[in-house]
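> Model the structure of this input:
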Amino acid sequence: MLCQECKTRPATVHLTRIINNNKTEFYLCEECARQKGQFNISVPFSINDLLAGFMGMDSPSVSVKKEGVRQCKNCGMKFEQFRKIGRLGCRECYKQFSDELVPILRRIHGNTVHNGKVPKRAGVELRITRQIQQLKSKLQKAVEVENFEEAARLRDRIRELEKQAGQ
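Numbers count the residues shown, from 1 in each chain. Now for the predicted structure:
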């Protein structure tokens with residue numbers, strides 16, 4: 001679609017104006033949109049910049065440590081580059097930048113371990129195994145805080161699930 005103003009350049013800006021319930025749409029090129037002066041077109045930003053702002057990666061304290069800027073020993077990528085492009089260079093980057101990535105992953109996903117999903121029709125044993133692992137973790141915490149009634153309840157539930165898994 002061509003710009004409705006100059007009719008020569010491609011329209012890259014879609015402007016919708018609603019005044020007194022009357023909707024007017026304009027399809028303009030960036031130059032004509034600037035000349036109209038009705039809004040400001042700033043320097044374009046990437047989706048990575050937007051996500052970095054949401055994740056708190058836009059603050060310099062995330063990438064700069066006391067020892068200076070860190071760099072991956074395998075591919076040479078710096079954490080600053082990751083912040084700009086939103087992708088790591090290699091699998092070693094995960095290890096190299098783990099101090100910076102763990103809080104980001106925890107903030108985004110709520111956890112730092114990926115368990116994946118199990119289809120409902122299949123994977124009954126896997127689901128039971130995961131449930132047993134979760135219950136064992138809760139059991140450990142209950143014992144640590146000396147909540148023995150809860151620990152006994154969890155122990156019984158674990159035994160019940162282990163019998164189901166053995167069948």
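
> Would you tell me what the next helix or strand after the helix or strand where residue 130 lies is?
Element membership of residue 130, judged by DSSP states H and E, is helix 124-144. Next helix or strand after helix 124-144 toward the C-terminus (DSSP H and E): helix 148-166.

> Buried residues, the helix holding residue 130. List them.
When neighbours are counted by 16 or more other Cβ atoms under 10 Å, the buried residues of helix 124-144 are found to be 132, 135, 138, 139, 142. Backbone N, C-alpha and C define where each C-beta goes, glycine included.

> Next, count neighbours for the residue lying closest to residue 16 once chain neighbours are set aside.
Nearest residue to residue 16, sequence neighbours excluded (Cβ to Cβ, 6 or more residues apart in numbering): residue 25, at 5.2 Å. Using other Cβ atoms under 10 Å, residue 25 has 10 neighbouring residues.

> repeat for residue 97
Burial measure for residue 97: 21 neighbouring residues, criterion other Cβ under 10 Å.

> check contacts around it.
70, 72, 79, 82, 88 (Cβ atoms under 8 Å, 6 or more residues apart in numbering).

> Spell out which residues make up each domain of the chain.
1-44, 47-109, 124-166 (automatic domain parsing).

> still on that earlier bit, can you put the contacts of residue 97 in TSV and add secondary structure?
TSV is the format used below for the contacts of residue 97 (DSSP: H, G, I helix; E, B strand; the rest coil):
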residue	secondary structure
70	coil
72	coil
79	helix
82	helix
88	coil
